[in-house]
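>>> give me coordinates for this.
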Amino acid sequence: MNTLKNKQIGIGNSMVGTMGIGTWALGGPFFSGEKWVLPKGTPIGYGNAEDSVSIRAIHCAMECGAKLIDTADAYGAGHCERVIGRAIKGRRDRVFLATKFGNVIDEDRKELIGQQWSERFIRDACEASLRRLQTDVIDLYQLHISDLEIDAAQGVAEVLELLREEGKIRSFGWSTDDPDRAGSWSGYGGATVAQFNMNVFQPAPEMLEICRENRFAALIRLPLAMGLLSGKYTPESRLPENDIRSAGPDWQRYFLKSGGANRTWTDRLESIREILRSDGRTLVQGALAWIWAQGDRVIPIPGIRNEEQARENLGAIEFGPLSADQVAAIDTILERS
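So this is what the prediction gives:
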């Protein structure tokens, strides 16, 4: 039986479905500035994006059942939030809005120029996101500094609790891959989510356990390994120079600086292709099915660029999660125990 159809997962006082949409790619090109964490000029976006195409993609995803839209003020240095604000105008009641803060942005130069987490900065960033998103409340406000020290993050959580009391946000979470950091917010009533990387190549059992212990929803970023799990890219592919996948940081393991896919991962994808494509799924749908097999409060947020991707991603719900036997077979092939 397909357990995903009509399933709703609680985040604070809101209910969302089993898949959201990621919008990193909809912000267009943006870059590291002088004082950000990567060398100046490093591309951080996914290349060019046409706003009208992006808006149609968002509308299509909503029509296919997506409610949760995940973004960040950093994406496109503010531009992505503006696009989403236009897309949801007149549709706000159908959307669960999640955005992030912590990066200092220069909208004119399309650059990230630092990181900040003071109370004044958080309040100003929240007001700026509200304006760009054309809304009076953010459903989920997430810290976007993965490695912030825990002591400093406690102060951030206290500010977020104040914003919740003031009605600016409904709940909050931390986008981090560190279990200790995610778990450190367990005592705050407004903390409802941990967002982290996970895909069939990159399991995250410790993060899943933190979410289970604290009844956090698990928002899964990079569920398609930056697009590699679509099967569209080969070592001979050449992505644009303004795409993070062709000139990005060391943690970006799936693509090479040549703009081609990393053969290590394309070979591994080939080894599990048959399982992911079981029962008529596409590779993308199989990769999402693996995510759902990892827990009952897991919400993948695969990125979309156009209507076709929105339909394919949301279509995965019709197939349900992979079976325990299929997950075990993948673990065996990939030599995981």
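>>> for the protein, which spans come out with low pLDDT?
For the chain, the stretches flagged by pLDDT under 70 are 1, 337.
>>> now Leu26: closest residue in space that isn't a chain neighbour?
Nearest non-adjacent residue to Leu26, counting by C-beta to C-beta, 6 or more residues apart in numbering: Ser54, 4.2 Å away. From N, CA and C alone the C-beta is placed, and that goes for glycine too.
>>> make sure the one you found is indeed in a helix.
Yes: membership of Ser54 in a helix is supported by DSSP: H, G, I helix; E, B strand; the rest coil.
>>> tell me how far it lies from Pro43.
As judged by C-beta to C-beta, to the nearest Å, Ser54 and Pro43 stand 18 Å apart.
>>> of the two, which one has the most company?
Remark: of Ser54 and Pro43, Ser54 carries more neighbours, 25 against 21, as counted by other C-beta atoms under 10 Å.
>>> what residue lies at the spatial centre of this structure?
With distances taken as C-alpha atoms, centre = their mean, Arg221 lies nearest the centre of the chain, 3.6 Å away.
>>> surely it is in contact with Asn197?
Yes: with contact defined as C-beta atoms under 8 Å, Arg221 reaches Asn197; the gap is 5.7 Å.
>>> strands along the stretch 101-250 of the chain, start to end?
Secondary structure of the stretch 101-250 of the chain (DSSP state E, counting those that start in this stretch): strands at 103-106, 111-115, 138-143, 169-175, 191-197, 217-221.
>>> and the strand or helix carrying Ala310, what's buried?
Per DSSP states H and E, Ala310 falls inside helix 307-315. Across helix 307-315, burial judged by 16 or more other C-beta atoms under 10 Å covers Glu307, Gln309, Ala310, Glu312, Asn313, Leu314, Gly315.
>>> what does stretch 97-112 give?
Across stretch 97-112, burial judged by 16+ other C-beta under 10 Å covers 97-106, 110-112.
>>> residue contacts, Arg305?
Ala25, Leu26, Tyr46, Ala49, Val53, Ser54, Ala57 (C-beta atoms under 8 Å, 6 or more residues apart in numbering).
>>> run the last query once more with 6 Å
Contacts here follow C-beta atoms under 6 Å, 6 or more residues apart in numbering; on that basis Arg305 touches Ala25.
>>> now do the helices in the chain.
51-63, 79-87, 119-133, 150-165, 179-183, 205-214, 244-247, 263-276, 283-292, 307-315, 324-333 (DSSP state H).
>>> give me the contacts around the fifth one.
By C-beta under 6 Å, 6+ apart, the list of residues contacting helix 179-183 from outside reads Ile150, Trp174, Thr176, Ala194, Glu206, Met207, Ile210.
>>> filter those down to the buried ones, PyMOL style.
Selection of buried members from these for PyMOL, criterion 16+ other C-beta under 10 Å:
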select buried, resi 174+176+194+207+210
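>>> make TSV out of the contacts of helix 179-183 and add distance to Ala66.
Shown next, in TSV, are those (distance: C-beta to C-beta, whole Å):
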residue	distance to Ala66
Ile150	33
Trp174	23
Thr176	24
Ala194	20
Glu206	28
Met207	23
Ile210	25
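>>> between the contacts of helix 179-183, which is nearest Val83?
The nearest member of these to Val83, counting by C-beta to C-beta, is Trp174 at 24.8 Å.
>>> beta partners for the closest one?
When bridges are called by DSSP bridges, Trp174 pairs up with Leu143, Ala194.
>>> for it, give me its contacts.
Residues in contact with Trp174 (C-beta under 6 Å, 6+ apart) are Leu143, Ala182, Trp185.
>>> could you report the distance from the first one to Trp117?
Put plainly, it is Leu143. Between Leu143 and Trp117 the computed distance is 7 Å (C-beta to C-beta).
>>> correct me, but Ala194 touches Arg215?
No: assessed by C-beta atoms under 6 Å, Ala194 is found out of contact with Arg215, at 11.0 Å.
>>> so for the two, which residues contact both of them?
The contact sets of Ala194 and Arg215 do not overlap (C-beta under 6 Å, 6+ apart).
>>> could you dump the buried residues of helix 307-315 into a markdown table with distance to Ala247 added?
A markdown table is the format used below for the buried residues of helix 307-315 (distance: C-beta to C-beta, whole Å):
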| residue | distance to Ala247 |
| --- | --- |
| Glu307 | 28 |
| Gln309 | 23 |
| Ala310 | 27 |
| Glu312 | 27 |
| Asn313 | 26 |
| Leu314 | 31 |
| Gly315 | 32 |
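>>> I'm done for today, thanks for sticking with me.
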